[in-house]
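Q: Quick one, structure for this:
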Amino acid sequence: MNRTPFIFMAILLLLSTAMKANAQTDAVYSQSLFNTQLANPAYAGTWSGTGYMMNIRRQWIGMEGAPSTQSLTFQQQHFRQNAGWGLHILNDRLGKERKVSLLGDYSYRIETNWRSWLYFGLRFGITGYRNNLDLYNTYDPNYDFDPAFQGMIERYLIPNFGIGFLLQSDDYQIGFSVPRLIQLEYSSDVSRLNTYSELRHYLLSGSKVYRLSYHVFIEPSIRLMLVRGAPLEINPSLDVLLYPKFWIGGFYRYNESAGATLQWVFSRNMRFGYIFEFPANRFSRQQFGTHEVMFSYEVNFTRNNRYNFRFY
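A: Below you'll find the predicted structure:
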């Protein structure tokens, strides 16, 4: 029996109890099932052919200035060169802040044995950031306006790099990535107020698929995220696949939120997913939860037109 996935899952659990962390700046998604490539460039090219994915997330419904994120992802596998590549367009909004990113991924795979592949991923991207401090309403009884909130923060064509590693087979997946390696800070030219920083995010994830019967599978998984200025994020989840049409499951983000996941596999090349996430902290009465939808489409599976169901 192949013990590789069990060894890696044990390492993940040990790290979740041993790691310490010091705020989050990258776009947040509820489940890596919907956004693995955005978190890890090594995932590019893991599908059978060419894939497209659209993801829309509305966070903390009912709160003014709540985060809103939209992404469009493309990936393609090159069979002869054991390589893959992909692109992202990411639009992220939080309050008065606007951030647009264009990211490119490249991955190369090597076969570790007849059942698994090891992928190495590289990312290069550019980001545009805008935040008009004059639009904020401040409340200070000593001032008609807050002198810190003056001016505009605008940065264009901000470069960054990322790396990722992925060990994948038909029924398990282990990944580690740093989507942004360069740490940057931006401040107003007038007040020198810093409102945005690009910090390194360290992501570690693992999942394993178990067959309960011919038509029923379960997939436990865990994802850890470490970033300076924030506590370690621990995100365990459990999904059930009613083969070959429905994924249904739940997840928990430690001390933050919990949610339910649904994915409908229309056909071998089309999927739709929906997530509802609700807060599990003191902010539960101030919002109406988070909604996230995903749509993916795949074409050109293999040259001989064979099709294997994709768990990841």
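Q: quick one: low-confidence ranges for the stretch 51-200 of the chain?
A: For the stretch 51-200 of the chain, the stretches with pLDDT under 70 are 79, 114, 137-151, 186-197.
Q: The same query, at a cut-off of 80, please.
A: Along the stretch 51-200 of the chain, the model assigns pLDDT under 80 to residues 60-65, 79-81, 113-114, 132-154, 184-199.
Q: hey, where'd the strands end up in it?
A: All strands of the stretch 51-200 of the chain, identified by DSSP state E, counting those that start in this stretch, fall at 68-78, 83-94, 97-113, 116-132, 152-169, 172-178, 184-187, 194-198.
Q: Could you dump those into TSV and include mean neighbour count and distance to Gly45?
A: All C-beta spots, glycine's among them, are computed from the backbone N, C-alpha and C. Shown next, in TSV, are these (neighbours: other Cβ atoms under 10 Å; distance: least, Cβ to Cβ, whole Å):
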stretch	mean neighbour count	distance to Gly45
strand 68-78	19	4
strand 83-94	19	1
strand 97-113	17	5
strand 116-132	18	7
strand 152-169	17	10
strand 172-178	23	14
strand 184-187	14	29
strand 194-198	16	26
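Q: Please identify which of the ones you listed is closest to Ala258.
A: strand 68-78 (19.7 Å; Cβ to Cβ).
Q: quick one, which of the strands of the stretch 51-200 of the chain is nearest to His291?
A: Across those, the minimum distance to His291, taken as Cβ to Cβ, is reached by strand 68-78, at 10.5 Å.
Q: With only the CA atoms kept, save that closest one in PDB.
A: As requested, the backbone C-alpha atoms of strand 68-78 are provided in PDB (Å, rounded to 0.1, in the frame of the first residue of the first chain):
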ATOM      1  CA  SER A  68     -15.600  41.500  -3.300                       C
ATOM      2  CA  THR A  69     -13.400  39.400  -5.600                       C
ATOM      3  CA  GLN A  70     -13.700  38.200  -9.200                       C
ATOM      4  CA  SER A  71     -11.200  36.000 -11.000                       C
ATOM      5  CA  LEU A  72     -10.900  34.400 -14.400                       C
ATOM      6  CA  THR A  73      -8.400  31.500 -14.800                       C
ATOM      7  CA  PHE A  74      -7.000  29.700 -17.800                       C
ATOM      8  CA  GLN A  75      -4.700  26.700 -17.900                       C
ATOM      9  CA  GLN A  76      -3.300  24.300 -20.500                       C
ATOM     10  CA  GLN A  77      -1.200  21.100 -20.400                       C
ATOM     11  CA  HIS A  78       1.500  20.300 -22.900                       C
END
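Q: Show residues contacting it.
A: Contacts to strand 68-78, defined as Cβ atoms under 8 Å, 6 or more residues apart in numbering, come from residues 27-29, 35, 37-38, 43-59, 83-94, 105.
Q: partners of that strand in the sheet?
A: Partner strands for strand 68-78, per DSSP bridges, with pairing direction: strand 50-58 (antiparallel), strand 83-94 (antiparallel).
Q: so which of those gets nearest Ala280?
A: Using Cβ to Cβ as the measure, strand 50-58 is the one of the strands paired with strand 68-78 that comes nearest Ala280, at 17.9 Å.
Q: Excluding its own residues, what touches the closest one? List them.
A: Contacts with strand 50-58, where a contact means Cβ under 8 Å, 6+ apart, come from 27-30, 34-35, 37-38, 66-77, 290-300.
Q: one more time with 7 Å
A: Residues outside strand 50-58 that contact it (Cβ atoms under 7 Å, 6 or more residues apart in numbering): 29, 34-35, 68-76, 290-300.
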